[in-house]
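Below is the sequence, then the predicted model.
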Amino acid sequence: MPIFNPNKLRRIGREVFERIGATPEEARIVADLLVSSNLAGHDSHGVVRIPQYVSGVQSGQIQLGTTVEIERETDATAVVNGHWGFGHVTATEAMHIAIQKAQKSAVGIVTVHQCNHIGRLGGYPVLAAAENMAGLMSNNGHGADLSMAPWGGLGRILPANCLAVAFPSDRDFPIALDLTAATAAGGKMRVALARGERVPKNWLIDAEGNPTTDPAAYVHGNAALTPFGDHKGYGLSFIFDILSGALSPAGCTRENSPVTGNALFVQAIRIDAFQPISDFKAEIGQFIDYVKSAKTAPGFDEILVPGERSYRTGCEREANGVPIEETTWEQICETAKKFDVEI
């Protein structure tokens with residue numbers, strides 16, 4: 001598998017998006033967030049998405065040069081319309097709005113509609129953590145993006161709704177959780193297919209409810225993702241759908257929704273409204289030390305805390321390069337050449 005300098009990937013992403021008409025700021029935000037997903041080890045939401053977003057612009061699904069609009073607000077809340085611009089740009093702005101409101105009101109909550117795919121949710125709550133706040137974000141598929149079966153049911157009925165949370169800590173990385181309510185995200189099926197790999201048998205079920213390990217059955221067929229932990233993942237997906245959909249004009253998941261994108265629930269919490277930030281970070285530090293003091297289970301060398309593995313992966317890939325599947329790189333090169341972007 002070829003290895004690439006992350007700065008090269010950022011440049012290619014920025015230049016491709018600018019060549020299709022994105023503003024320099026739009027191009028920078030999207031490219032940086034895509035590469036940050038690769039750095040964190042979430043390759044399914046990294047530069048593999050460049051051709052997808054180019055197609056979205058060309059089809060008119062992604063509108064360039066749009067401005068995020070606050071349609072309704074209070075001191076602590078806002079309802080935001082992304083006007084179908086780049087989802088990454090809309091989500092970034094929504095988190096900034098939540099942070100600004102939390103600075104004044106201790107808590108800021110924003111819901112978002114008319115927002116395209118935002119990629120990895122974990123890229124946004126860390127913006128709040130960098131401001132010594134807690135950040136939280138959940139999503140649904142803007143009523144559509146059906147990919148997961150409900151617990152006890154068959155077929156693609158729900159999206160693989162997600163939750164991401166981040167807290168500042170006294171370590172070199174924030175405590176950060178980024179999960180999907182599915183056993184594995186749909187993007188991982190595309191990565192497995194690109195690598196010619198099978199997937200674990202509990203990730204997918206076919207139309208009759210039988211497990212399948214063929215990622216093509218999902219990418220090109222009608223196989224459905226399974227909820228993690230059976231009723232637990234299903235229940236969480238239901239809650240994420242309500243937070244993100246029912247609290248915004250996008251609505252909850254339904255049959256024959258006219259559009260696909262992401263509706264969002266975004267929250268920032270100003271920690272020093274509850275505890276001095278130094279005390280909070282010290283408490284997080286002792287909690288980390290306590291958990292890591294446990295005896296390791298067979299097959300484990302150490303105990304990691306949420307966000308630590310992605311941080312380590314990021315350090316390693318920033319220094320030594322990002323691995324990209326050959327088929328993915330070929331698709332990126334093909335896209336770049338169409339717009340005379342140097343590879």
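In hand now; what should we look at? Numbers count the residues shown, from 1 in each chain.

after the helix or strand encompassing Thr313 comes which helix or strand?
Per DSSP states H and E, Thr313 falls inside helix 308-320. Moving toward the C-terminus from helix 308-320, the next helix or strand (DSSP H and E) is strand 322-323.

That next one packs against which elements?
Packing partners of strand 322-323 (3 or more C-beta pairs under 8 Å, 6 or more residues apart in numbering; DSSP states H and E): strand 3-4, helix 24-39. For glycine as for every other residue, the C-beta is placed from the backbone atoms N, C-alpha and C.

which regions of the protein sit below the pLDDT cut-off?
Within the chain, no stretch has pLDDT under 70.

who touches the helix holding Thr313?
Outside helix 308-320, the residues that touch it by C-beta atoms under 8 Å, 6 or more residues apart in numbering are 3, 6, 36, 38-42, 122, 171-173, 176, 178, 323.

Please repeat the previous calculation with a cut-off of 7 Å.
Residues outside helix 308-320 that contact it (C-beta atoms under 7 Å, 6 or more residues apart in numbering): Pro6, Asn38, Leu39, Ala40, Gly41, Asp172, Phe173, Ala176.

All the helices of this structure, in order from the start?
Taking DSSP state H to define them, one finds helices in the chain at 6-19, 24-39, 50-59, 87-105, 125-129, 186-195, 216-219, 231-241, 277-292, 308-320, 326-338.

show me the contacts for Leu7.
No, residue 7 isn't Leu; it's Asn. Listed by C-beta under 7 Å, 6+ apart, the contact set of Asn7 is empty.

picking up where we left off before, which one of the helices and strands packed on strand 322-323 is the most hemmed in?
Across these, averaging neighbours per residue (mean count of other C-beta atoms under 10 Å) puts helix 24-39 on top, at a mean of 21.

tell me the angle it makes with helix 50-59.
Interaxial angle, helix 24-39 versus helix 50-59 (axes from the mean of the first three to the mean of the last three C-alpha atoms, to 10 degrees): 150 degrees.

residues contacting the residue nearest the centre of the chain?
Against the mean C-alpha coordinate of the chain, by C-alpha atoms, centre = their mean, the closest residue is Arg120 at 1.7 Å. Listed by C-beta under 7 Å, 6+ apart, the contact partners of Arg120 are Ser37, His42, His45, Asp178.

One more pass at 6 Å, please.
Ser37, His42, His45 (C-beta atoms under 6 Å, 6 or more residues apart in numbering).

With Ile29 instead?
Counting by C-beta under 6 Å, 6+ apart, Ile29 has contacts His88, Val89, Thr92.

Which of those sits closest to Cys333?
Nearest to Cys333, judged by C-beta to C-beta, of those is His88 at 22.2 Å.

So that closest one sits against Leu33, correct?
Yes. His88 lies in contact with Leu33 (C-beta atoms under 6 Å); the separation is 4.8 Å.

Mutual contacts of these two, please.
Common neighbours of His88 and Leu33, using C-beta under 6 Å, 6+ apart, are Gly119.

Nearest to Asn139, out of the contacts of Ile29: which one, please.
Relative to Asn139, the closest of the contacts of Ile29 is His88; by C-beta to C-beta it sits at 12.6 Å.

Tell me which residues touch the closest one, please.
Ile29, Val30, Leu33, Ile118, Gly119.

Just the closest of these to Ile99, please.
The closest of the contacts of His88 to Ile99 turns out to be Ile29 (C-beta to C-beta; 15.7 Å).

And the closest one, how far from Val165?
21 Å (C-beta to C-beta, to the nearest Å).

before we move on, back to that, now the contacts of Arg120 as a markdown table including distance to Asn210?
Formatted as a markdown table, the contacts of Arg120 follow (distance: C-beta to C-beta, whole Å):
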| residue | distance to Asn210 |
| --- | --- |
| Ser37 | 32 |
| His42 | 29 |
| His45 | 28 |
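
What ranges does the stretch 151-300 of the chain have for its strands?
Listed in chain order, the strands of the stretch 151-300 of the chain (DSSP state E, counting those that start in this stretch) span 162-167, 175-180, 204-205, 224-225, 263-270.

Show me the one of the ones you listed that comes nearest Asp279.
Asp279 sits nearest to strand 162-167 of all these, at 13.4 Å, using C-beta to C-beta.

how about the closest one as CSV, C-alpha atoms only?
Only the C-alpha atoms of strand 162-167 are listed here, as CSV (Å, rounded to 0.1, in the frame of the first residue of the first chain):
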residue,chain,number,x,y,z
CYS,A,162,-23.3,8.8,15.0
LEU,A,163,-22.2,10.5,18.2
ALA,A,164,-19.0,12.3,18.9
VAL,A,165,-17.9,13.8,22.2
ALA,A,166,-14.6,15.6,23.3
PHE,A,167,-13.3,17.0,26.6
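
What are the buried residues along the helix holding Thr313?
Glu308, Ser310, Tyr311, Thr313, Gly314, Arg317 (16 or more other C-beta atoms under 10 Å).

Can you tell me which of those residues is closest to Gly235?
Taking C-beta to C-beta as the measure, Gly235 lies nearest Ser310 of the buried residues of helix 308-320, at 25.5 Å.

got the contact list for the residue in the chain sticking out farthest from the centre?
Using C-alpha atoms, centre = their mean, the residue of the chain lying farthest from its centre is Lys295. It sits 32.5 Å away. By C-beta under 6 Å, 6+ apart, the contact list for Lys295 is empty.

circling back: now the contacts of helix 308-320: which count as buried?
Looks like the contacts of helix 308-320 have Pro6, Asn38, Leu39, Ala40, Gly41, Phe173, Ala176 buried, using 16+ other C-beta under 10 Å.
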